[in-house]
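Peer 1: Take this sequence and fold it.
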Amino acid sequence: MTTRPPGPLSIAPVETPGHGLLTDRVVVVTAAAGTGIGSATARRALWEGADVVVSDVHPRRLEATRDELAGLALGAVAAVVCDVTDTGQVDALIDGAVDAFGRIDVVVNNAGLGGETPVVDMTDDQWSTVLNVTLNGTFRCTRAALNYFRGVDHGGVIVNNASVLGWRAQHGQAHYAAAKAGVMALTRCSAVEAAEYGVRINAVAPSIAAHAFLAKVTSEELLDRLAADEAYGRAAEPWEIASTIAFLASDYSTYLTGEVVSVSSQRA
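Peer 2: Residues are numbered from 1 along each chain as shown. Okay, here's the model as predicted:
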C-alpha cells in the first residue's frame, strides 16, 4: 500500500455553499436514500435552488431521506419508490415527477450495484444482477427521460454516475467495471441522439467516495488501500461528487455533452 505524508488536501474541506446553479429547476435523483452520492446530489440540488424528486427501491429509507431533505427548508421534495430493474416503475417515476412539479429539467441516474467476486467464482446471477441494476437500469431511466424530453420544448439534462472502474482494472470487480464501462458508452451514444431534443447527457466517474453503504459491501482493508492510492491519500466525500454533478446539470456546462468527467484525485 502506498503511504503518503499528510498534506493540505488530505483533509476534506467543508461543503461549498450553493450558488443558485439550478434555480427553478426540477431534479430527479435515483438511488437517493441513505448517505451516499444520491442523497448528497439531492441535497446539493436543493442548495442550488432546485425542487427535487428522490427515488429508491427501499421505501422506509426513502421516506427518511425525503423527510431529512425537506427539513432543510430549501425547496420542495417529493419521493417516488422505484426499482430501476422494472420498466413500469421507471416510467412511473418520470410520470410521478411530472405530476408532482409539472415538469422535469434534470435526471441523475445514480442507481448502481457492486460487490467483490472473482470471475472464476462468479455466477450467472451475480453477473446479471449487477449489470441489470447498474447498466440496464441507467438505460431504462435514460430512455424514459428522453421520451419525456422529446415531447416538451424546454430541453433538459441527464447525468449518469459511472466509475473510474470503467477505465481501471480491479480484482473482483469485473461485473461492476463492465457495467460502468457500459454506462460510459451509453452516455456517449445517447448524447449524440439526444441533441435533437435539446438534451445534454454527461457522466461522472468517481474513484472512491466514503459513505456507509460502500462500507457495508466492501472490506475495510480494500477501502483503506484504495483511499491511500489516491493522490490526496483519502476518499472523496459524497458531496464532492455531487458538486460536479450539479455543475454538469447547470448552465455552466452548456457545451458539454457525451463526456465522462473523472472525479478523482488520480493515482500517482
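
Peer 1: where are the low-confidence patches of this structure?
Peer 2: Low-confidence segments of the chain (pLDDT under 70): 1-6, 211-219, 223, 266-268.

Peer 1: pull the longest strand from it.
Peer 2: Ranked by residue count, the top strand of the chain under DSSP state E comes out as strand 199-206.

Peer 1: Just name whatever secondary elements that strand is in contact with.
Peer 2: Strand 199-206 sits against helix 137-150, strand 156-161, helix 174-194, helix 238-249, strand 260-263, with contacts defined as 3 or more Cβ pairs under 8 Å, 6 or more residues apart in numbering; DSSP states H and E. The C-beta positions use only the backbone N, C-alpha and C, and glycine is treated the same way.

Peer 1: Relative to it, what are the paired strands and their orientations?
Peer 2: strand 156-161 (parallel), strand 260-263 (parallel) (DSSP bridges).

Peer 1: what's the closest of the helices and strands packed on strand 199-206 to E63?
Peer 2: For those, the distance to E63 is smallest for helix 238-249, at 19.9 Å, taking Cβ to Cβ.

Peer 1: can you pull out the strands in the chain?
Peer 2: Taking DSSP E as the test, the strands found in the chain are 26-29, 51-56, 77-81, 106-109, 156-161, 199-206, 260-263.

Peer 1: so can I have a markdown table of the helices and strands packed on strand 199-206 showing distance to L113 and mean neighbour count?
Peer 2: As requested, the helices and strands packed on strand 199-206 are exported to a markdown table (distance: least, Cβ to Cβ, whole Å; neighbours: other Cβ atoms under 10 Å):
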| stretch | distance to L113 | mean neighbour count |
| --- | --- | --- |
| helix 137-150 | 9 | 21 |
| strand 156-161 | 12 | 27 |
| helix 174-194 | 8 | 20 |
| helix 238-249 | 17 | 24 |
| strand 260-263 | 20 | 19 |
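
Peer 1: could I get those as a markdown table with distance to E68?
Peer 2: Output for these, formatted as a markdown table (distance: least, Cβ to Cβ, whole Å):
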| stretch | distance to E68 |
| --- | --- |
| helix 137-150 | 23 |
| strand 156-161 | 21 |
| helix 174-194 | 28 |
| helix 238-249 | 14 |
| strand 260-263 | 24 |
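
Peer 1: closest to L74 out of those?
Peer 2: Among the helices and strands packed on strand 199-206, helix 238-249 comes nearest to L74, with 13.3 Å by Cβ to Cβ.
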